[in-house]
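Participant: fold the following and give me the result.
(chains A and B)
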Amino acid sequence: MRAVITVIGKDAVGILAKVSTVCAGYNANVIEVTQSVIEDLFAMIMLVDISKINVDFADMADALSKKGDEEWGLKVLVMHEDIFNCMHHI
Amino acid sequence: MINQYDILETIRMIQDECLDIRTITMGISLLDCIDTDIDKACKKVYDKITYKARDLVKVGEQIEKELGIPIINKRISVTPIAMISAACKCSPVPFAKAMDEAAKAVGVNLIGGYSALVQKGFSAGDKELIESIPEALACTERVCSSVNIGSTKTGINLDACKIMGRIVKEAAEATVDSACFGAAKLVVFCNAVDDNPFMAGAFHGVGEPDCMINVGVSGPGVVRAALRKYPDADITKIADVIKTISYKITRVGQLVGMMASKRLGVEFGIVDLSLAPTPAVGDSVAHILEEIGLERCGTHGTTACLALLNDAVKKGGVMACSRIGGLSGAFIPVSEDAGMIDAAESGVLSIEKLEAMTAVCSVGLDMIVVPGDTEPDTIAAIIADEAAIGMVNTKTTAVRVIPAIGMKEGDSLDWGGLFGKGPVMPLHRESASKFINRGGQIPAPLHSLKN
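Facilitator: Residues are numbered from 1 along each chain as shown, chains lettered A, B, ... in the order given. Prediction:
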């Protein structure tokens, strides 16, 4: 089971580190990261393995979005890979 | 890895273009709650609903968070109450109260099924239920009601049309304090479907299993955004674009339905592939039609564009899920669609044009505000007209008109939220009373004889 974490916001030092630290806390393994910075806009897509996480996935998704909104000033979306697979693959 | 472009497309559809799952509706059979003692029957109804749907809202919210897609409504539909209340031989209003309490207890915002099926005549309990609708809708908050008065197989029950014309008006009169909202929770159908997940017309048909999950998707904004990328494409290409996008939307509905059914331990019924608008910016079916090339929805060409849209939505969705059902197509509720509201306010969209549109879309005259002094027989005639379109075209049609008591053309009713607001639309003043008062049954059309 994998999830896609998308982070969008103003570029700053340590965004990748912050997100991956939280993931590590939940025992979610980061598999792949692509990121780009266009002018000062930061965009990152992260694929993480959630098969061994130590909380309910819905709670993890909730906590990351909340941290993004309240602490980091970034839009963090956490979505199960199923939604992308079902929509784009037959 | 999943393609980056695909990820961004999905996110854009949800974040910017209002893609959502409109409803997860749990259908619950109440046939095993029948009892001659109304108090016992109501207790059984309350107990069964609160037991079966105890986790519905929780599971819905969980899936919402995991997939990152909003699931707007969690709802319940039940067996038409007239069948359950018939044995009690008294006013069925206590059933409405039991349904309302059960809906509140499990946290769903609407519960449908205060209904009667009288397309060929009235059986025990039907008339009592129909007569109690205005009171039931006024004394409850979340209960929705529907009555099926015709079908392609049986023809149209004109006596029921007459009664419903009066009941619609009484439902509005009984809820004058809440902007005549009672009438907005009442739908009169021809060819009603058993597995419709959308309110106010949802009920759980008698041929359905004991309990099942049906899902209604949405996404007019997504379709419009997709079309905007093809400003100069020919109409065949437009149909293809709608099919592709509708496939993607429906796939999400299928996924959500499967997850919900697994977690709730309830059979998965159908996905209803309807484009259901909301008054929110960017969530309008009228704006899709305008994107195709109309200056304003309601002008000449509207029916053709809607026919194409409705058909392409079905074709795209059919392959995307295991079972489709419900109403599946495009909804055109006037008050719930920002583009329709504008078109009606500007006078371009008339009730006659809406009637023509209902011949090619998935339902009927929906959420239309009419003058408060409209005669009950005129409403009955509107119902009969709409039922005739459904009967002859072998499709579902419905009437949900709201007589704005004490208001006339130029005024408007505003409910806020998903129900939106609607201007009072003018009707013909000439009477149809003689026709309505003839009573009897309009015979089924020749093409109903298929055996």
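Participant: and the contacts of stretch B:349-363?
Facilitator: The contact list for stretch B:349-363, computed with CB atoms under 8 Å, 6 or more residues apart in numbering or on different chains, reads B:201, B:274, B:296-298, B:302-303, B:306-307, B:310, B:327-332, B:334, B:340, B:343, B:364-365, B:368, B:370, B:382, B:385-386, B:389, B:393, B:395-398, B:425-427. Using the backbone N, CA and C atoms, a C-beta is placed for each residue, glycine as well.
Participant: of the residues you listed, select the buried ones using a PyMOL command.
Facilitator: The PyMOL command for the buried members of the contacts of stretch B:349-363 (criterion: 16 or more other CB atoms under 10 Å in any protein chain shown) is given here:
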select buried, chain B and resi 201+274+296+297+298+302+303+306+310+327+328+329+330+331+332+334+340+343+364+365+368+370+382+385+386+389+393+395+396+397+398+425+427
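Participant: and the contacts of stretch B:349-363, which of them are in strands?
Facilitator: The strands, defined by DSSP state E, take in B:Leu365, B:Ile368, B:Val370, B:Thr397, B:Ala398 from the contacts of stretch B:349-363.
Participant: and of those residues, the nearest to chain A?
Facilitator: B:Ala398 (30.7 Å; CB to the nearest CB).
Participant: wait, doesn't that closest one sit right on B:Phe189?
Facilitator: Yes - the pair B:Ala398 and B:Phe189 qualifies as a contact (CB atoms under 8 Å) at a distance of 4.9 Å.
Participant: got the phi/psi numbers for B:Leu327?
Facilitator: Backbone torsions of B:Leu327, given as degrees, to the nearest 10, read phi -100, psi -30.
Participant: in contact with it, which residues?
Facilitator: B:Val193, B:Asn196, B:Phe198, B:Asp272, B:Ser274, B:Ser362, B:Val363, B:Thr396.
Participant: try B:Glu66
Facilitator: A:Phe57, A:Ala58, A:Ala61, A:Met79, A:His80.
Participant: tally of neighbours for residue 24?
Facilitator: Here I'm looking at chain A. 12 (other CB atoms under 10 Å in any protein chain shown).
Participant: should've been chain B
Facilitator: By other CB under 10 Å, neighbour count at B:Ile24 equals 30.
Participant: who's it bridged to?
Facilitator: B:Lys74, B:Val215 (DSSP bridges).
Participant: so how far is the helix or strand of chain A with the lowest mean pLDDT from its chain's centroid?
Facilitator: Ranked by mean pLDDT, DSSP states H and E, the helix or strand of chain A with the weakest confidence is strand A:29-38, at a mean of 90. Here strand A:29-38 is found 9 Å from its chain centre; the criterion is CA atoms, centre = their mean, to the nearest Å.
Participant: quickly run through the sheet partners of it, with directions.
Facilitator: Strand pairing (DSSP bridges) places strand A:29-38 next to strand A:41-49 (antiparallel).
Participant: which residues does the strand it pairs with contact?
Facilitator: With contact meaning CB under 8 Å, 6+ apart, strand A:41-49 is reached by A:1-12, A:15-16, A:19-20, A:23, A:28-37, A:74, A:81, B:1-2, B:4, B:7-8.
Participant: elements contacting whichever helix or strand B:Lys314 is part of?
Facilitator: Following DSSP states H and E, one finds B:Lys314 within helix B:302-318. Where contact means 3 or more CB pairs under 8 Å, 6 or more residues apart in numbering or on different chains; DSSP states H and E, helix B:302-318 is packed against helix B:235-264, helix B:285-292, helix B:351-358.
Participant: how many residues are close by residue 56?
Facilitator: I'll assume chain A. Count around A:Asp56 with other CB under 10 Å applied: 12.
Participant: wait, I meant chain B there
Facilitator: Neighbours around B:Leu56, by other CB under 10 Å: 24.
Participant: got it, and the one 5 residues further on?
Facilitator: Number of residues near B:Glu61 (other CB under 10 Å) recorded here: 15.
Participant: circling back: show me which of the contacts of strand A:41-49 are buried.
Facilitator: Judged by 16+ other CB under 10 Å, buried ones among the contacts of strand A:41-49: A:2-9, A:15, A:19-20, A:23, A:28-29, A:33, A:74, A:81, B:2, B:7.
Participant: filter those down to the ones in helices?
Facilitator: A:Ile15, A:Val19, A:Ser20, A:Cys23, A:Glu81, B:Ile7 (DSSP state H).
Participant: could you measure from the spatially closest residue to A:Lys10 that is not a sequence neighbour over to chain B?
Facilitator: Using CB to CB, 6 or more residues apart in numbering or on different chains and skipping residues adjacent in sequence, the residue nearest A:Lys10 is A:Asp40, 5.9 Å away. Distance check for A:Asp40 against chain B: by CB to the nearest CB, to the nearest Å, it reads 19 Å.
Participant: between the contacts of B:Leu327, which sits nearest chain A?
Facilitator: After measuring these against chain A - CB to the nearest CB - the closest member comes out as B:Asp272, at 17.2 Å.
Participant: isn't that closest one right next to B:Cys321, touching?
Facilitator: No - contact criterion CB under 8 Å: B:Asp272 and B:Cys321 do not qualify, at 9.9 Å.
Participant: so between the two, which is more surrounded?
Facilitator: Between B:Asp272 and B:Cys321, B:Asp272 has the larger neighbour count (other CB under 10 Å), namely 32 against 25.
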